[in-house]
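>>> Below is the sequence, then the predicted model.
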Amino acid sequence: MGRHSLPDQYGAGRSDPRPRARRRTVAVATALVLAIAGGTAVAVQSGLLSFGSSCQEDPVRLKLAAAPDMAPALREAAKRAREDEVTSDGRCVAVSVTARDAYKVADELATGGKADIQVWVPDSDVWVQRVTADGGATQVTPVGTVASTPVGVAMVPAVAKSLGWPKRTYSWIELAGASLQEDGVRLGAADPARSATGLLALTQLGTAAAKIKGGDTQAAALMKTLSQRTSDSDTQVLDTLPRDSSGTEQGNPKRNQALILTEQAAFAYNSSAAGAGSLDMFYPKDGLPRLDYPYTLVDQTRLSTDESRAAIRFTTYLRQQEQRRVLENYGFRTSDDDVSEALVTKAGGSRPQPYTQPAARPADEIALQEALGTWTITVQSARISTVVDASSSMSEPVGNTGQTRMDVTKASLLQALATFTPEDEIGLWDFSTKLDGDKDYRVLTPTKRLGDRAGDGTQRDRLSAAFSALAPVPNGATGLYDTTLAAYRAATSSYGRGKFNALVILTDGVNQDPGSISRADLIDQLKQLTNPERPVPLIMIAVGPDADLEEAELIAKATGGSGHEVSDPAQIHSVILQAIVAAGAQEGGKTGEE
């Protein structure tokens with residue numbers, strides 16, 4: 001998601017703590033959008049936008065989709081705009097606001113079809129990045145942020161007090177780790193694949209884990225535990241709290257005692273009748289990721305001039321002091337320089353919890369993708385066979401690193417291996433031409449549980465050694481087609497129920513075996529082997545300048561998989577995780593079901 005410049009992650013009214021050049025880039029981008037929209041900002045500042053009763057006769061109508069937590073506040077602001085007869089070029093601005101889950105809107109926009117909305121306010125730039133990362137998606141243009149809210153851990157009072165709230169502060173690892181102890185805190189969260197709150201917290205957790213010895217293993221254990229108490233959405237996760245104000249239902253093992261939650265969600269819960277027992281809020285001391293609610297124009301090139309100007313006019317209206325108070329009344333922050341203590345108190349915060357500290361630096365695309373990929377393979381368990389090109393071209397150097405393609409590929413595969421748990425099943429083949437008699441491929445390590453015993457060690461130890469021993473075959477060519485068919489046939493015949501099944505093939509060239517089947521025959525046979533009820537997506541990664549991305553995509557598509565291109569083998573780890581996430585999303589939850 002790093003291909004897209006992030007808008008202000010830190011809430012309205014605060015300067016961005018990132019480098020000055022980055023702030024200038026955002027400012028210039030916003031200015032360009034305003035200019036494209038017809039100089040609306042100048043018109044606003046000059047008082048040229050009229051306010052008259054006749055404007056109601058022919059208003060500019062805008063459809064705005066907002067994250068469910070933000071929708072009520074924007075709906076009230078839109079109502080006020082109509083009552084105030086806010087105009088754009090003499091015509092009233094009539095905004096209709098609907099609540100729509102951000103991940104659903106992102107999925108719809110990713111198809112590239114004609115959008116039914118002109119403005120989108122998701123809860124996080126995570127979703128904007130996801131759309132812009134897809135070249136075929138509908139264009140989206142963020143022009144600022146509406147508000148912000150930090151992500152923390154909310155707990156029922158009895159449990160919070162037992163952990164020393166509010167005087168004692170914790171890191172993300174320490175708070176999540178409380179769920180691993182005997183009779184530990186029952187911690188719930190929304191699914192990171194569908195919730196920016198869950199994903200940003202997960203990424204922060206991964207960042208924290210990377211800084212401590214054995215952190216990867218601890219993070220995997222935390223994810224596995226957390227996955228047992230995950231809900232589909234931020235709204236649904238609140239339903240897992242005890243329902244009685246006395247707290248006696250806390251003894252029910254199906255009820256969560258703590259949630260990864262935004263400050264705004266805790267504010268809304270504590271303000272409602274449902275929140276009779278209230279929540280106390282922990283603000284982790286090692287950084288607060290934040291939802292930033294980017295105000296985003298959808299398919300701007302198709303918007304009329306009136307629509308563009310009206311959309312910009314509404315966002316300037318939201319920046320007015322009265323509308324900022326509306327947002328604050330719903331529990332959102334509109335400034336990080338002046339955090340309302342009343343808001344924090346209603347959300348369950350209290351000093352010395354570090355609720356006023358600067359926002360954590362926004363996670364980049366790679367960090368987010370790796371966190372989501374790790375989550376996918378950790379919580380679902382995976383059965384993945386990896387097939388690596390061992391042709392002589394893998395001995396080619398990579399830049400001026402002093403390493404070959406094979407050296408860097410091995411390092412990236414070992415990095416990926418570290419993210420899998422003992423329950424995952426991983427195997428390794430290599431291929432060239434005539435490696436095993438007339439076969440272009442050979443099985444180096446059968447696909448088995450990483451925790452299984454293998455000789456004096458485990459399958460993980462055996463795989464680590466096999467990855468490290470990979471070497472190019474002198475004068476070896478690329479027997480891609482026969483190898484792909486054989487590996488896919490093996491992967492589908494040994495399908496693992498209840499697991500994410502996939503075949504990963506890495507190649508730095510095109511098929512060079514004149515005696516192999518044709519590409520057309522390969523694709524036909526792959527389609528025959530594919531079974532939607534037992535999905536095994538092929539993830540084919542084209543490595544280096546000699547590989548053919550178009551062919552990789554064509555072959556992989558026959559199985560419901562995906563083709564990818566990397567110029568640097570060091571990118572393989574991230575691409576594998578990205579492909580796993582994409583394949584899992586495509587299956588829509590059917591993976592592993594019979």
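Received, thanks.
>>> pLDDT weak spots in the stretch 51-200 of the chain?
Within the stretch 51-200 of the chain, the ranges that satisfy pLDDT under 70 run 51-56, 182.
>>> Going by residue numbers, what spans are strands in it?
Secondary structure of the stretch 51-200 of the chain by DSSP state E, counting those that start in this stretch: the strands cover 60-66, 87-88, 91-99, 119-121, 140-145, 149-155, 187-190.
>>> Present the ones you listed as TSV; the columns should include distance to residue 371 and mean neighbour count.
C-beta here means a position set from N, CA and C on the backbone, and glycine is covered the same way. TSV is the format used below for the strands of the stretch 51-200 of the chain (distance: least, Cβ to Cβ, whole Å; neighbours: other Cβ atoms under 10 Å):
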stretch	distance to residue 371	mean neighbour count
strand 60-66	25	22
strand 87-88	41	26
strand 91-99	26	20
strand 119-121	24	26
strand 140-145	22	24
strand 149-155	13	28
strand 187-190	13	25
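>>> now for those strands, which one comes closest to residue 352?
strand 149-155 (14.2 Å; Cβ to Cβ).
>>> any chance of the strands of the stretch 51-200 of the chain in TSV, with distance to residue 479 too?
Shown next, in TSV, are the strands of the stretch 51-200 of the chain (distance: least, Cβ to Cβ, whole Å):
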stretch	distance to residue 479
strand 60-66	50
strand 87-88	64
strand 91-99	54
strand 119-121	48
strand 140-145	43
strand 149-155	49
strand 187-190	46
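>>> closest one to residue 172 among those strands?
The nearest among the strands of the stretch 51-200 of the chain, by Cβ to Cβ, is strand 149-155 at 8.3 Å.
>>> Parallel or antiparallel, which strands does the closest one pair with?
Here strand 149-155 is paired, per DSSP bridges, with strand 258-262 (antiparallel), strand 280-282 (antiparallel), strand 290-291 (antiparallel).
>>> Would you format these as CSV with mean pLDDT, distance to residue 125 and mean neighbour count included?
Shown next, in CSV, are these (pLDDT from 0 to 100; distance: least, Cβ to Cβ, whole Å; neighbours: other Cβ atoms under 10 Å):
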stretch, mean pLDDT, distance to residue 125, mean neighbour count
strand 258-262, 95, 15, 29
strand 280-282, 97, 23, 26
strand 290-291, 96, 9, 29
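>>> among these, which is nearest residue 528?
Using Cβ to Cβ as the measure, strand 258-262 is the one of the strands paired with strand 149-155 that comes nearest residue 528, at 44.4 Å.
>>> closest to residue 80 out of the strands paired with strand 149-155?
strand 290-291 (23.0 Å).
>>> Next SSE downstream of that closest one?
Using DSSP states H and E, the helix or strand that follows strand 290-291 in sequence is strand 294-298.
>>> which residues sit against that next one?
7, 33, 109, 115, 117-122, 124-125, 128, 138-146, 303, 308, 311, 315, 318 (Cβ atoms under 8 Å, 6 or more residues apart in numbering).
>>> related to what we said a few turns ago, for residue 261, find the nearest of the strands of the stretch 51-200 of the chain.
Short answer: strand 149-155, nearest of these by Cβ to Cβ, at 4.3 Å.
>>> quick one: that closest one to chain centroid distance?
18 Å (Cα atoms, centre = their mean, to the nearest Å).
>>> In the stretch 451-594 of the chain, where is pLDDT below threshold?
Applying pLDDT under 70 to the stretch 451-594 of the chain flags residues 581-594.
>>> Just give me the neighbour total for the closest residue to residue 167 other than its chain neighbours.
Using Cβ to Cβ, 6 or more residues apart in numbering and skipping residues adjacent in sequence, the residue nearest residue 167 is residue 352, 6.4 Å away. With neighbours defined by other Cβ atoms under 10 Å, the count for residue 352 comes to 11.
>>> list the contacts for residue 352?
Contacts of residue 352 by Cβ under 8 Å, 6+ apart are 166-167, 169.
>>> my read is it is in a strand, agree?
No. Counting by DSSP: H, G, I helix; E, B strand; the rest coil, residue 352 is not part of a strand but coil.
>>> any idea how far residue 282 is from it?
Here residue 352 is placed at a distance of 12 Å from residue 282 (Cβ to Cβ, to the nearest Å).
>>> same check, this time on residue 203
In terms of Cβ to Cβ, residue 203 sits 18 Å off from residue 282.
>>> Give me the buried entries from the contacts of residue 352.
By neighbour count, with 16 or more other Cβ atoms under 10 Å, the contacts of residue 352 hold 166, 169 as buried.
>>> I'd like the average pLDDT over the helix or strand where residue 315 lies.
If you go by DSSP H and E, residue 315 is part of helix 305-318. Helix 305-318 shows a mean pLDDT of 96.
>>> now the angle between strand 294-298 and that helix, please.
170 degrees (axes from the mean of the first three to the mean of the last three Cα atoms, to 10 degrees).
>>> next helix or strand past helix 305-318?
Following helix 305-318 toward the C-terminus (DSSP H and E): helix 321-329.
>>> Check which residues of that next one are buried.
Under the neighbour-count criterion of 16+ other Cβ under 10 Å, helix 321-329 has 323-324, 326-328 buried.
>>> So which elements touch it?
helix 71-83, helix 305-318 (3 or more Cβ pairs under 8 Å, 6 or more residues apart in numbering; DSSP states H and E).
>>> So for it, mean pLDDT?
Per-residue scores along helix 321-329 average to 96.
>>> Output that helix as PDB, restricted to C-alpha atoms.
Extracted C-alpha coordinates of helix 321-329, given in PDB (Å, rounded to 0.1, in the frame of the first residue of the first chain):
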ATOM      1  CA  GLN A 321     -16.000  25.000  14.700                       C
ATOM      2  CA  GLU A 322     -19.700  24.100  15.100                       C
ATOM      3  CA  GLN A 323     -19.400  21.000  13.000                       C
ATOM      4  CA  ARG A 324     -16.200  20.000  14.800                       C
ATOM      5  CA  ARG A 325     -18.200  20.100  18.000                       C
ATOM      6  CA  VAL A 326     -20.700  17.800  16.400                       C
ATOM      7  CA  LEU A 327     -17.900  15.300  15.700                       C
ATOM      8  CA  GLU A 328     -16.600  15.600  19.200                       C
ATOM      9  CA  ASN A 329     -20.100  15.000  20.600                       C
END
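>>> which is the next helix or strand following that helix?
helix 341-347.
>>> Pick out whichever of the contacts of residue 352 sits closest to residue 197.
Nearest to residue 197 out of these is residue 169 (Cβ to Cβ; 20.4 Å).
>>> so where is the stretch 251-400 of the chain shaky, pLDDT-wise?
Looking at the stretch 251-400 of the chain by pLDDT under 70, you get 251-252, 273-277, 378.
>>> can you rerun that using 90?
251-255, 272-278, 286-287, 335-338, 357-382, 398-400 (pLDDT under 90).
>>> Fine by me, thanks again.
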